[in-house]
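In: dropping the sequence and predicted coords here.
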Amino acid sequence: MLVVRAVSLLMGSFNASDHSIRNDFEHRILLYQFDEILDPNVLKQMVYKENTEEPYQVESGEMVYWKVVRIVDVFEMVDKVTFEQGAEVYSRFFIEEGLTSEKIISKYFSDFDWEKTN
(Lines give C-alpha, C1' and ligand atoms only; values in the text may rest on other atoms or scores of the structure.)
Protein backbone atom coordinates (compact mmCIF):
# COMPACT_ATOMS: atom_id res chain seq x y z
CA MET A 1 0.00 0.00 0.00
CA LEU A 2 1.53 3.33 -1.08
CA VAL A 3 1.22 6.17 1.41
CA VAL A 4 1.73 9.79 0.36
CA ARG A 5 2.67 12.28 3.05
CA ALA A 6 3.05 16.05 2.89
CA VAL A 7 5.77 17.13 5.31
CA SER A 8 5.74 20.72 6.58
CA LEU A 9 9.26 21.85 7.57
CA LEU A 10 10.81 24.90 9.15
CA MET A 11 14.28 25.33 7.67
CA GLY A 12 16.98 27.54 9.17
CA SER A 13 20.03 29.21 7.63
CA PHE A 14 23.35 28.63 9.41
CA ASN A 15 26.85 30.09 9.13
CA ALA A 16 29.15 27.36 7.83
CA SER A 17 32.18 28.70 9.73
CA ASP A 18 30.78 28.29 13.26
CA HIS A 19 27.35 26.62 12.65
CA SER A 20 25.54 29.54 14.32
CA ILE A 21 21.99 30.14 13.18
CA ARG A 22 21.22 33.22 11.12
CA ASN A 23 17.94 35.22 11.10
CA ASP A 24 16.72 33.52 7.92
CA PHE A 25 14.03 30.83 7.98
CA GLU A 26 11.92 29.10 5.37
CA HIS A 27 8.69 27.14 5.67
CA ARG A 28 8.58 24.34 3.07
CA ILE A 29 6.05 21.66 2.29
CA LEU A 30 7.47 18.56 0.59
CA LEU A 31 5.80 15.42 -0.74
CA TYR A 32 7.02 11.89 0.04
CA GLN A 33 5.70 8.49 -0.97
CA PHE A 34 6.29 5.39 1.14
CA ASP A 35 5.47 1.70 0.75
CA GLU A 36 4.16 1.65 4.32
CA ILE A 37 3.40 3.94 7.21
CA LEU A 38 6.73 4.92 8.77
CA ASP A 39 7.51 5.07 12.45
CA PRO A 40 7.69 8.79 13.41
CA ASN A 41 11.35 8.46 14.47
CA VAL A 42 12.32 6.88 11.14
CA LEU A 43 10.44 9.59 9.26
CA LYS A 44 12.12 12.31 11.33
CA GLN A 45 15.63 10.91 10.71
CA MET A 46 14.99 10.61 6.98
CA VAL A 47 13.57 14.13 6.65
CA TYR A 48 16.43 15.73 8.61
CA LYS A 49 19.06 13.81 6.62
CA GLU A 50 17.57 14.51 3.18
CA ASN A 51 17.01 18.23 3.78
CA THR A 52 20.43 19.53 4.79
CA GLU A 53 21.87 21.57 1.96
CA GLU A 54 25.49 22.08 0.95
CA PRO A 55 27.08 25.41 1.98
CA TYR A 56 27.17 28.23 -0.56
CA GLN A 57 28.59 31.75 -0.58
CA VAL A 58 26.26 34.72 -0.03
CA GLU A 59 26.76 38.33 -1.12
CA SER A 60 28.63 39.23 2.10
CA GLY A 61 31.20 36.52 1.32
CA GLU A 62 30.05 34.25 4.14
CA MET A 63 29.38 30.57 3.55
CA VAL A 64 25.90 29.48 4.67
CA TYR A 65 23.82 26.32 4.56
CA TRP A 66 20.20 25.40 5.29
CA LYS A 67 18.89 22.54 7.41
CA VAL A 68 15.68 21.46 9.11
CA VAL A 69 15.10 23.05 12.51
CA ARG A 70 11.62 21.62 13.06
CA ILE A 71 9.08 19.31 11.46
CA VAL A 72 5.90 21.34 11.85
CA ASP A 73 3.35 18.89 10.48
CA VAL A 74 2.95 15.62 8.59
CA PHE A 75 -0.32 14.82 6.90
CA GLU A 76 -1.64 12.24 4.49
CA MET A 77 -2.45 13.21 0.93
CA VAL A 78 -5.75 11.72 -0.15
CA ASP A 79 -5.65 12.75 -3.81
CA LYS A 80 -3.77 10.67 -6.35
CA VAL A 81 -0.78 12.70 -7.52
CA THR A 82 2.38 11.91 -9.46
CA PHE A 83 5.56 13.57 -8.23
CA GLU A 84 9.28 13.14 -7.67
CA GLN A 85 10.21 12.04 -4.12
CA GLY A 86 10.75 15.09 -1.92
CA ALA A 87 9.06 17.47 -4.39
CA GLU A 88 8.62 20.96 -2.95
CA VAL A 89 5.07 22.26 -3.31
CA TYR A 90 5.24 25.35 -1.09
CA SER A 91 7.86 27.77 0.24
CA ARG A 92 7.75 30.92 2.38
CA PHE A 93 10.73 32.85 3.77
CA PHE A 94 10.91 34.60 7.16
CA ILE A 95 13.74 37.16 7.38
CA GLU A 96 13.66 39.47 10.35
CA GLU A 97 16.21 40.66 12.91
CA GLY A 98 15.99 38.73 16.19
CA LEU A 99 13.77 36.02 14.71
CA THR A 100 14.02 32.51 16.17
CA SER A 101 12.46 29.20 15.23
CA GLU A 102 10.48 29.23 18.48
CA LYS A 103 8.99 32.66 17.65
CA ILE A 104 7.94 31.41 14.20
CA ILE A 105 6.41 28.22 15.62
CA SER A 106 4.55 30.22 18.29
CA LYS A 107 3.23 32.86 15.87
CA TYR A 108 2.43 30.86 12.73
CA PHE A 109 2.11 27.23 13.84
CA SER A 110 0.76 27.48 17.39
CA ASP A 111 -2.11 25.10 16.70
CA PHE A 112 0.09 22.09 15.99
CA ASP A 113 3.73 21.05 16.27
CA TRP A 114 4.21 17.50 14.92
CA GLU A 115 7.74 17.15 16.23
CA LYS A 116 6.72 17.92 19.81
CA THR A 117 3.96 15.32 19.71
CA ASN A 118 5.99 12.53 18.06
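Out: Perfect, I can see it now. Worth saying up front: this structure is predicted, and the values here are computed from it rather than measured.
In: the strands in the protein, which residues?
Out: In the chain, the strands defined using DSSP state E lie at 3-15, 21-34, 56-57, 63-76, 87-95.
In: right, and those strands - which one's nearest residue 40?
Out: strand 63-76 (8.0 Å; CB to CB). Using the backbone N, CA and C atoms, a C-beta is placed for each residue, glycine as well.
In: before we move on, the earlier item: which of the strands of the chain sits most buried?
Out: strand 3-15 (a mean of 19; mean count of other CB atoms under 10 Å).
In: gap between the closest residue in space to residue 90 that isn't next to it in sequence and residue 71?
Out: Among residues not flanking residue 90 along the chain, residue 29 sits closest, at 3.9 Å (CB to CB, 6 or more residues apart in numbering). Between residue 29 and residue 71 the computed distance is 11 Å (CB to CB, to the nearest Å).
In: overlap in contacts of these two?
Out: Common contact partners of residue 29 and residue 71 (CB atoms under 8 Å, 6 or more residues apart in numbering): 7, 8, 9.
In: contacts only, for the last one.
Out: Read it as residue 9. Taking CB under 8 Å, 6+ apart, one finds 27, 28, 29, 30, 47, 51, 68, 70, 71, 72 in contact with residue 9.
In: let's go with 10 Å and repeat that
Out: If you count contacts by CB atoms under 10 Å, 6 or more residues apart in numbering, residue 9 has them with 26-30, 47-48, 51, 67-74, 88, 91, 114-115.
In: and the first one, by the same measure?
Out: Residue 7 makes contact with 28-32, 43-44, 46-47, 50-51, 68, 71-75, 86, 114, according to CB under 10 Å, 6+ apart.
In: let's see it at 6 Å
Out: 30, 47, 74 (CB atoms under 6 Å, 6 or more residues apart in numbering).
In: what's the answer for residue 34, then?
Out: Contacts of residue 34 (CB under 6 Å, 6+ apart): residue 3.
In: ok, residue 39 next?
Out: Residues near residue 39 by CB under 6 Å, 6+ apart: none.
In: thank you kindly, that will do.
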